[in-house]
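Novice: this one's structure only:
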């Protein structure tokens with residue numbers, strides 16, 4: 001994922017935001033903010049045969065504390081017109097390979113309980129629900145729960 005992908009990546013992010021069950025965010029940030037918040041070595045885009053971005057995955061640090069050096073939080077988004085084609089699964093596999101090669105032992109994320117497709121995708125990729133953060137934040141004025149999920153790497157000891 002590079003600056004060249006910015007418009008398409010942010011467009012896909014905005015589409016997910018507008019659907020209402022992907023994130024607490026209400027608008028995609030500008031590229032500088034997006035880019036600065038994500039680790040460059042663990043972000044990927046899925047391109048179609050024309051070179052258009054059809055999905056993306058990226059991670060952020062969970063904490064600057066050394067004890068959490070092997071824990072990242074991820075996001076994965078797919079263009080609405082290309083969902084159900086295995087893109088998100090391929091992106092997660094690339095992310096898992098990348099993070100494990102770098103010694104990352106835990107990938108985590110928060111998912112709204114209503115986002116059944118994302119929960120199923122993550123279960124297939126080896127993630128598990130570790131708990132519910134009840135009423136953790138307001139989204140358009142409504143309290144929302146978030147399921148905390150994680151994938152603990154069996155390859156990183």
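Specialist: Cool, the structure landed. All of these numbers come straight from a predicted model, not from anything done at the bench. Residues are numbered from 1 along each chain as shown.
Novice: show me where this structure has strands.
Specialist: For the chain, the strands defined by DSSP state E occupy 43-47, 53-61, 71-78, 106-111, 128-139, 142-152.
Novice: how many other residues sit next to residue 92?
Specialist: Residue 92 has 22 neighbouring residues, counting by other C-beta atoms under 10 Å. In short, each C-beta sits where N, CA and C put it, glycine included.
Novice: which residue packs closest to it, ignoring adjacent ones?
Specialist: Counting by C-beta to C-beta, 6 or more residues apart in numbering, residue 125 is the residue found nearest to residue 92 once chain neighbours are left out, at 4.5 Å.
Novice: and that neighbour, what does it touch?
Specialist: Residue 125 sits next to 89, 92, 93, 96, 151 when contact means C-beta atoms under 8 Å, 6 or more residues apart in numbering.
Novice: how about the strands of the chain, which one is nearest residue 33?
Specialist: strand 53-61 (11.7 Å; C-beta to C-beta).
Novice: one step back: same list (the strands of the chain) but as JSON lines, adding mean pLDDT.
Specialist: Listed next are those as JSON lines, based on pLDDT from 0 to 100:
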{"stretch": "strand 43-47", "mean pLDDT": "97"}
{"stretch": "strand 53-61", "mean pLDDT": "98"}
{"stretch": "strand 71-78", "mean pLDDT": "98"}
{"stretch": "strand 106-111", "mean pLDDT": "97"}
{"stretch": "strand 128-139", "mean pLDDT": "96"}
{"stretch": "strand 142-152", "mean pLDDT": "97"}
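Novice: please name the bridge partners of the spatially most central residue of the chain.
Specialist: Central residue of the chain (C-alpha atoms, centre = their mean): residue 75, 0.9 Å from the mean position. On the basis of DSSP bridges, residue 75 is bridged to residue 58.
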